[in-house]
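1. I would like the atomic coordinates for the input below:
(one chain, ligands or ions: 2)
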Amino acid sequence: MRPDARAWFQSRTTSATSLAEIDLDALLRAKRRGGHRVSVVLPARNEEASVGRLVADLRERWMVRLPLIDELLVVDSDSTDATAAVARAAGADVVATTEVLADHGTRPGKGEALWKSLAATTGDLVVFLDSDLIGDVAHYVPGLLGPLLADPQVSYVKGCYTRPLEVDGHVQPAGGGRVTELTARPLLNALWPELAGFVQPLGGEYAGRRSVLEQVPFVSAYGVEVGLLIDLLRLGGLSSLAQVDLGVRRHTSQSQEALGAMAGEVVSTVLARAECGRPGHQPLTASGLLTQFRHDGTGFVPRSRAVAVDERPPMATVAEYRVLRAG
Ligand SMILES: O=c1ccn([C@@H]2O[C@H](COP(=O)(O)OP(=O)(O)O)[C@@H](O)[C@H]2O)c(=O)[nH]1
Ligand SMILES: O=C(O)[C@@H](COP(=O)(O)O)O[C@H]1O[C@H](CO)[C@@H](O)[C@H](O)[C@H]1O
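-> Ligands and ions are numbered 1, 2, ... in the order given. Have a look, this model is predicted:
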């Protein structure tokens, strides 16, 4: 790692691998003292199997027993299952991406759900968690909030963790994060070596101050995490970013083919930013298309899909949002 990335890694990585590591009283005092309001957002597309338990756990722990979360929102991202009903029954507020800022239309993808969540929440601190998380992740929320409540200079915190991968009942202890290890990490080390200290640059669990989240674009699909990381680096510098070790992260995993498309979106997002992120850099625009192949028993069948960058502008530039915020 470059000296700046190593220094960042050593100074801006904290640990919250279980509730035992977290001083909840101090956290709640800091929240009250700062007059903070915490919104937790769960983007969910067809997550009826996992979203209910996750919502119920978060609600019981951090809204009923302790007042850490002020708003718990599930954003229903074009689900075709009972995600919305299950989340609502478990006690979450639920909005559909199609309902939020309806005049701006809707686009498929996780990033669209996260962008619209800014217009559907009110907290000055926003925590994002995937809805397919498995196991006890109650400590994720206080863990992610810790650096934000402890240091006003920190405006964005990424979770990091080991990522076991379960395939056909066999668990590979560190097999998860395939797009991270095979695509995002090499690309970021090559083009943004100052970000090399991030253990999980694509991780789906992170928290930020609304004041910065509303200042950056949101890539509409799976490029959203890498896009936010690069854009928030440019906005506030490395010292405004932090990461917290949350221990282990388990989630429902996708096929290699699906992750290939995800990697295509990550590559397009990084290349598009490389073009404007490095003055004088030769434009590195991607084709916007990804062709994958299946074998149908007689030969290879190509299948192309669009992986071009599609993004929403900073929410602060949206008039309806400014009206909402003006109250
Ligand atoms: O169009 C989408 C795709 C994904 N997601 C949600 O984003 C999170 C991460 O997506 P996924 O699990 O597909 O990615 P992975 O974790 O497998 O990389 C999950 O809560 C999904 O339900 C979403 O809200 N809209
Ligand atoms: O980190 C990764 O490589 C991918 C895939 O993880 P797995 O190989 O399925 O454990 O998962 C992340 O990437 C997505 C794109 O940034 C995020 O949206 C997901 O939340 C995150 O799980």
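2. can you tell me the closest non-neighbouring residue to residue 219?
-> Spatial nearest neighbour of residue 219, excluding adjacent residues (Cβ to Cβ, 6 or more residues apart in numbering): residue 227 at 3.9 Å. Quick note: C-beta positions are derived from backbone N, CA and C, even for glycine.
3. what packs against the helix or strand harbouring that neighbour?
-> Counting by DSSP states H and E, the element that carries residue 227 is helix 224-236. The contact analysis (3 or more Cβ pairs under 8 Å, 6 or more residues apart in numbering; DSSP states H and E) places helix 224-236 against helix 110-119, strand 156-162, strand 206-209, helix 210-213, strand 218-219, strand 241-248, helix 256-277.
4. who's in contact with whatever residue of the stretch 201-327 of the chain ends up closest to ligand 2?
-> Ranking the residues of the stretch 201-327 of the chain by distance to ligand 2 (Cβ to the nearest ligand atom) places residue 204 first, at 2.3 Å. Remark: with contacts taken as Cβ atoms under 8 Å, 6 or more residues apart in numbering, residue 204 is in contact with 128-130, 225, 251.
5. mind listing residues that contact the helix holding residue 227?
-> By Cβ under 8 Å, 6+ apart, the list of residues contacting helix 224-236 from outside reads 109-111, 114, 155-156, 158, 184, 188, 192, 194-195, 198, 201-204, 206, 208, 212-213, 215-219, 240-241, 266, 269-270, 273, 277, 309, 311.
6. cool, stretch 7-16 as well?
-> When contacts are defined by Cβ under 8 Å, 6+ apart, stretch 7-16 is touched by residues 1, 21-22, 139, 142-144, 146-147, 154, 160, 194, 197, 199, 238-239, 241-246.
7. next: stretch 144-154.
-> The contact list for stretch 144-154 (Cβ under 8 Å, 6+ apart) reads 12, 14, 16, 22, 27, 30-31, 34, 36, 38, 68, 125, 127, 155, 157, 159, 205-209, 239-242, 244, 246.
8. give the rounded mean pLDDT of that stretch.
-> For stretch 144-154, mean pLDDT rounds to 98.
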